[in-house]
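J.: Quick one, what's the 3D model for this:
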Amino acid sequence: QILMAGKHGIPLIGMNDSAGAFVPAGVGGLDGYSEAFQAMRKISGVVPSIMLMFGYNAGGGAYLPRQGSFLIQPNDTFFGLTGPDVVREALGEDITPDQLGGPRVHSQSGVVDVSAEDELGALRTALRLLSYLPNNNRELAPFVETSLDLEGFVEEEAILLRKTFADSSSGFNTPLDMRLLLQQMVDYGDYFELQPDRGKQLITAFGRMGGSVVGFLANNSAFNSGNIDVDASRKGKKFMRFCNLYNTPVIFLEDVSGYAPGSEQERAGIVQAGRELLDSIIDLRVPRLTLIVRNAFGGAYCAWNSYHIGADFVFALPTSRIAVMGPAGRQYVYKEEYRSIMKQYRDDIDSGKDQSDAVTQRDQVLEGLTERYERELLNPEEALKLGSVSSLVMPGYSRQVLGSSLHYLLRHYQPSPLAGPQRE
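T.: Numbers count the residues shown, from 1 in each chain. Predicted coordinates:
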């Protein structure tokens, strides 16, 4: 049945409830799993597959469903390489099935893409996810007729951006939950988010614009300031790879100041994980658009579907800040002014001036330098002059500009299986 789905070009939904190979069956049971493993691998990239975890699953019963495109796990179910009893005997660790292999564990690690309340909820979630997926790698995802118009002004979007950046006391440092903006762009405000509990600073979701399915990769500064860490990188890479295999166009909503720094991230392999995300974006052959909402700094700007990475169009809101560095870059641009300010501060301290007064005076002058840096360099002006940004998009018109550009690109795109070299 697995190979049949690939042969006929139809998606596969699997429902799994298996504790692994039947021990009395001996090697024959293992051979059965081996055949299933091979079949799942052969249809990978040919037809999408959604796997549901029911009951108690271990060993091969855990490996096999994770070979699918997406994995959904309801509450009160378990899957893992071994069960709690084996862990207790081998390691002396007393642990419950839920603590070892429940949905809370696997949704954090990225093994599970979506969790559900119960088995019925998992089935309904699978059907909803299926509505955003193509039948195979030779087709586009199903188009859904809609009475909604892509043209026109979306007042809610304009209000959201004004309240975030203009009316807020924290101004451009205000966290923005990009899901609120995403709701204003997609048809009926409806989208399907994948791995919502992992790497929350990055949103991976399917939605529709004017009836056409599109994948969204969006930074979310409401979590960890939007800085990309190892989990977010691998989450994004998996989603980009799927969109590329199955002819799904991608829209990037950018608000990123960089990759997460620190020894913990370095030990976890942030350089390699970041490279994997970058490669998956470079390799995209589907239509792809970028909207810079706010921050686009340094290497993160380069990697996040810039023109020279391969974007078809790059748009920016007037609130966008595009530069090599954020406000900290002031000391590298205005070197003499910065040195003069710091020299004056040291001289004030040496002359016996009260330290708190000296700090206050220094910070006031530095704030003026920061405002100058933001006014002169933290804006889309230079990017527009260089052609790195196609045009500015006024708040309230993001859906119109992105939707019309998407449909233009789709009219000139021929869905087909991924061809060419498969790079390391």
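
J.: and residue 418, what are its phi and psi?
T.: Taking degrees, to the nearest 10, you get phi -70, psi 130 for the backbone angles of residue 418.

J.: Contact partners for it?
T.: The neighbourhood of residue 418, defined by Cβ atoms under 8 Å, 6 or more residues apart in numbering, consists of 45, 137, 244-245, 285. Glycine gets a C-beta too; all of them are placed from N, C-alpha and C.

J.: and what of residue 36?
T.: Listed by Cβ under 8 Å, 6+ apart, the contact partners of residue 36 are 2, 60, 64.

J.: Would you mind putting those into TSV with neighbour count and distance to residue 352 alongside?
T.: Below are the contacts of residue 36 laid out as TSV (neighbours: other Cβ atoms under 10 Å; distance: Cβ to Cβ, whole Å):
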residue	neighbour count	distance to residue 352
2	20	81
60	20	76
64	21	75
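
J.: Pipe those into CSV and attach pLDDT and distance to residue 36 per row.
T.: Putting those into CSV (pLDDT from 0 to 100; distance: Cβ to Cβ, whole Å) gives the following:
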residue, pLDDT, distance to residue 36
2, 92, 7
60, 75, 8
64, 85, 6
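
J.: Closest one to residue 295 out of those residues, please.
T.: Nearest to residue 295 among these is residue 64, at 41.9 Å by Cβ to Cβ.

J.: tell me the contacts of that closest one?
T.: 14, 16, 18, 33, 36-37, 40, 51.

J.: And the furthest pair within these?
T.: Among the contacts of residue 64, the pair separated by the greatest distance (Cβ to Cβ) is 33 and 51, at 14.7 Å.

J.: So which of the two has more stuff around it?
T.: Neighbour totals were compared for residue 33 and residue 51, and residue 51 leads with 23 against 17 (other Cβ atoms under 10 Å).

J.: got the CA positions of stretch 193-205 in PDB?
T.: Extracted in PDB, the C-alpha atoms of stretch 193-205 (Å, rounded to 0.1, in the frame of the first residue of the first chain):
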ATOM      1  CA  GLU A 193       1.300  26.200  11.900                       C
ATOM      2  CA  LEU A 194       3.800  23.300  12.100                       C
ATOM      3  CA  GLN A 195       6.000  22.600  15.200                       C
ATOM      4  CA  PRO A 196       4.500  25.600  17.200                       C
ATOM      5  CA  ASP A 197       6.100  24.400  20.400                       C
ATOM      6  CA  ARG A 198       9.700  24.300  19.100                       C
ATOM      7  CA  GLY A 199      11.900  27.200  18.200                       C
ATOM      8  CA  LYS A 200       9.000  29.700  18.700                       C
ATOM      9  CA  GLN A 201      11.100  32.600  17.400                       C
ATOM     10  CA  LEU A 202      10.500  31.100  13.900                       C
ATOM     11  CA  ILE A 203       7.000  30.400  12.500                       C
ATOM     12  CA  THR A 204       6.500  27.700   9.800                       C
ATOM     13  CA  ALA A 205       3.000  27.600   8.400                       C
END
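
J.: in it, what counts as buried?
T.: For stretch 193-205, the buried set under the neighbour-count rule, 16 or more other Cβ atoms under 10 Å, comprises 193-195, 197-205.

J.: now the residues you listed as TSV including distance to residue 378?
T.: Below are these laid out as TSV (distance: Cβ to Cβ, whole Å):
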residue	distance to residue 378
193	30
194	32
195	32
197	33
198	31
199	26
200	26
201	21
202	23
203	24
204	28
205	28
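
J.: Return the subset of the contacts of residue 64 lying in strands.
T.: If you go by DSSP state E, these have 14, 16, 51 in strands.

J.: Who is the closest residue to the first one other than its chain neighbours paired with across the strands?
T.: Right, residue 14. In this structure, residue 14 finds its nearest non-sequential neighbour in residue 51, 4.6 Å apart by Cβ to Cβ, 6 or more residues apart in numbering. On the basis of DSSP bridges, residue 51 is bridged to residue 14, residue 71.

J.: Residue 51 contacts residue 17, correct?
T.: No: if you go by Cβ atoms under 8 Å, residue 51 and residue 17 don't touch, sitting 11.5 Å apart.
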